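Enquirer: 3D model of this:
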Amino acid sequence: MRVPTLIALLIFVMSASTFAAPVPLEYQILHERAHPHRAFTQGLLIHRGQFVESSGLYRQSFVQRYPVTDGEPGLVRHQSRRDFSEGLAFTGKHYWLLTWQQGLARKLDAELRPVSIARYQGEGWGLTFDGRQLIMSNGSAELSFRDPDSFELTQQLAVTYKNQPLNAINELEFAEGLIWANVWFSPMIYAIDPANGQVVSTVDLSALVDTENKSPDAVLNGIAYDADDRTFWVTGKRWRKLYQLRITPGPGAITQATDAR
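Expert: Modelled structure (predicted):
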C-alpha cells in the first residue's frame, strides 16, 4: 500500500479545514533514542542533523544540542539562574529563546551564546518560525506573530478547536504549512491552520504518554520536524526517550489523499 507523503497529507488536511470536525491522524513509530539529561523540555527543533532543545525550571534552565542519531549532547549552555527558559526557534540566522514570566526573549548565535535581549508583555511558552515570522504561544488560546530580527509584535491569531478556544497552547512547530502544537497536560498534538486559527487535525499520543508519564509534570511537550524525511520527533518533560513518528491520514482518509512521490 502506498503511504501518502506529508505534502499529500497537507493537501487533504487543508481541504478539510472548512469542516467543523478536525481530522484525526495516525502515526507509526519509526525509531526511538535516549533523551539526554531527561530535560524538562520546553522547545525542540532539528537543524543540520542535530536536535536543539531548551529545558526549563529556575536555577536549572539550559539549552543543549545533540545529534539526531544516538549519542550524548555535543553542547550544553546553562542559562541564568534567574531564568525559566521556555520555547526556542531558529530563524536561519540566529535562535530566539523565551523566558516564562520574565518577559525576556534572548537572541542566541549559532553556538547558543547570548547576543541580545528583546522584551515582550505576558508569558512566554512556545516558539517556532514559519520562514517569515516567529510564532509564539503564551499559554492562552492566542498566538502572536513577531518579527524575526527585532521580536516586535506584528499580528495575533485566535486558535479554535471545534469552534471553542484552544487554551494552554504550549510548544510549537511549523511544518508543511501548518502550526503543530502541544497543549499543556494534553496527550494530543493539534495541527492549526495559520490562515484562520482553526485546528484542522489531531494526533492522539495517549499511548506514548502512558508509557512515559511517571510523574504529574512529565507531560507531552516537544515537537521537531525533520524536513529531510518528513517525519516528526516528539518527547516530553523528563521523558526517557524521543520518538520518531511518521504521521499519516487515518484509514478513511487515505483514498482521498494523492501520492505525491
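Enquirer: Just the pLDDT at Trp100, thanks.
Expert: The model reports Trp100 with a pLDDT of 97.
Enquirer: Would you mind measuring from it to Leu44?
Expert: Distance of Trp100 to Leu44, computed by CB to CB, to the nearest Å: 16 Å. Every C-beta, even on glycine, is put in place using the N, C-alpha and C of the backbone.
Enquirer: what's the answer for Tyr95, then?
Expert: Taking CB to CB, one finds Tyr95 at 12 Å from Leu44.
Enquirer: Report the set of residues contacting both of those two.
Expert: Val52, Leu88 (CB atoms under 8 Å, 6 or more residues apart in numbering).
Enquirer: what residue ranges in this structure score low on pLDDT?
Expert: Scanning the chain with the threshold set as pLDDT under 70 gives 1-20, 71-73, 250-261.
Enquirer: where exactly do the helices run in it?
Expert: 6-15, 206-212, 251-254 (DSSP state H).
Enquirer: And the contacts of the second one?
Expert: Around helix 206-212, the neighbours that count as contacts under CB under 8 Å, 6+ apart are Pro187, Ala218, Val219, Leu220, Val234, Gly236, Trp239, Arg240, Lys241, Tyr243.
Enquirer: got the CA positions of that helix in CSV?
Expert: This file holds the C-alpha atoms of helix 206-212, laid out as CSV (Å, rounded to 0.1, in the frame of the first residue of the first chain):
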residue,chain,number,x,y,z
SER,A,206,-2.0,8.8,24.6
ALA,A,207,-0.1,5.5,24.3
LEU,A,208,3.3,7.3,24.4
VAL,A,209,2.2,9.5,27.3
ASP,A,210,1.1,6.4,29.3
THR,A,211,4.4,4.8,28.7
GLU,A,212,6.5,7.8,29.7
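Enquirer: where's that helix relative to the chain centroid, distance-wise?
Expert: 18 Å (CA atoms, centre = their mean, to the nearest Å).
Enquirer: what do you get for stretch 199-216?
Expert: That offset, for stretch 199-216, works out to 14 Å (CA atoms, centre = their mean).
Enquirer: For the nearest residue to Gly43 once chain neighbours are set aside, the count of nearby residues, please.
Expert: Ranked by CB to CB, 6 or more residues apart in numbering and with sequence neighbours excluded, the top spatial neighbour of Gly43 is Leu88, at 3.0 Å. For Leu88, the neighbour count with other CB atoms under 10 Å is 26.
Enquirer: Thought Leu44 was touching Leu88, still the case?
Expert: Yes. Shown here, Leu88 and Leu44 form a contact pair, counting by CB atoms under 8 Å, at 7.5 Å.
Enquirer: Understood, closing this out.
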